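J.: Sequence and predicted model, in that order:
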Amino acid sequence: MPLVSYEQRDNVAIVRMDDGKANALSYDMMDALDAALSRAEKEAAAVVLTGRPGKFCAGFDLKEMMAGPDQARALVTRGADALMRLYTLPLPLIVAATGHALAGGALVVLTGDVRLAAKGLYRIGLNEVQIGMPVPVLAMELARDRLDPKHLIGSTLFATVVDPEAAVTAGWVDEAVDEDALVDRALTHATKLAALPRDAFSKTKVILRERTVKYVRDMLETDMKRLTVKI
């Protein structure tokens, strides 16, 4: 079974992560996502990114992260590329979080132009400080760009994770939706945004986000020197 499946409904691509477990951001998962996005850029006018029931994305592959500082830095560096690819996708990107979205998984949520989460006993947030890691610049800048300023410190420095309804208030997502209606609601948003002129949309997205992307990339080497993990 592929880690990422691709389905197209009219002019909207549905990209679904499903590794049969927690949808960790492994090298293979990120490569599969990259391939699906490349296909969507050729064939679709908008993308819905979703996960498996109850598990959207657990963040970076724990096995690789715990292998040592060098391995962790290499994986997060690759992850920065994957996140910036999502963040700058020239198509409208609607993220439909099907369940838990923690650490790197929460960052995937933040890359969406429209962000939805399934209602349920799920948690969304950056728990890096709680598990002994500093929040990297790439995470801080995505959080700063998307979260309500009143919730920024709690969501980063205090490692506060929240349920889907509280995630709306904090700014993690735009809507919390019943699980059985999540993908349909995402498709509604995607269809509406797909009607926008692509060239104007993509150029405006670049203008809106290029400073953040440049800062993340400029700081990446320094950022990785600060990265520590508990082994």
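T.: Ah, there it is.
J.: Name the helix or strand for residue 101, please.
T.: strand 99-102 (DSSP states H and E).
J.: any idea where the strands of this structure begin and end?
T.: In the chain, the strands defined using DSSP state E lie at 4-9, 12-17, 46-50, 54-57, 93-97, 99-102, 114-118, 124-125, 175-177.
J.: Figure out which of these is closest to residue 211.
T.: strand 93-97 (19.1 Å; C-beta to C-beta). The C-beta positions use only the backbone N, C-alpha and C, and glycine is treated the same way.
J.: Need the residues that contact the closest one.
T.: The contact list for strand 93-97 (C-beta atoms under 8 Å, 6 or more residues apart in numbering) reads 46-51, 56-57, 86, 108-109, 111-118, 122, 124, 164, 173, 177, 182-183, 185-186, 189-190, 193.
J.: quick one, what contacts the closest residue to residue 213 other than its chain neighbours?
T.: Nearest residue to residue 213, sequence neighbours excluded (C-beta to C-beta, 6 or more residues apart in numbering): residue 84, at 5.6 Å. The neighbours of residue 84, taking C-beta under 8 Å, 6+ apart as the test, are 138, 213, 216, 217.
J.: So which of these are in helices?
T.: Per DSSP state H, helices hold the following members of the contacts of residue 84: 138, 213, 216, 217.
J.: circling back: in a markdown table: the strands of the chain, plus distance to residue 33, mean pLDDT and mean neighbour count.
T.: Formatted as a markdown table, the strands of the chain follow (distance: least, C-beta to C-beta, whole Å; pLDDT from 0 to 100; neighbours: other C-beta atoms under 10 Å):
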| stretch | distance to residue 33 | mean pLDDT | mean neighbour count |
| --- | --- | --- | --- |
| strand 4-9 | 6 | 97 | 15 |
| strand 12-17 | 7 | 98 | 23 |
| strand 46-50 | 8 | 98 | 27 |
| strand 54-57 | 10 | 96 | 23 |
| strand 93-97 | 12 | 98 | 28 |
| strand 99-102 | 15 | 96 | 26 |
| strand 114-118 | 17 | 98 | 26 |
| strand 124-125 | 19 | 98 | 28 |
| strand 175-177 | 22 | 98 | 20 |
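J.: filter the contacts of residue 84 to the buried ones?
T.: Among the contacts of residue 84, the ones that count as buried by 16 or more other C-beta atoms under 10 Å are 138, 213, 216.
J.: quick one, what contacts the first one?
T.: Put plainly, it is residue 138. 76, 79, 80, 83, 84, 107, 216, 220, 223.
J.: one more time with 6 Å, if that's ok
T.: 80, 216 (C-beta atoms under 6 Å, 6 or more residues apart in numbering).
J.: Could you do residue 57 as well?
T.: By C-beta under 6 Å, 6+ apart, the neighbours of residue 57 are 23, 101, 105, 108.
J.: Contacts only, for the residue nearest to it when sequence neighbours are not counted.
T.: The shortest distance from residue 57 to any residue other than its chain neighbours is 3.1 Å, reached at residue 105 (C-beta to C-beta, 6+ apart). Counting by C-beta under 6 Å, 6+ apart, residue 105 makes contact with 56, 57, 58, 59.
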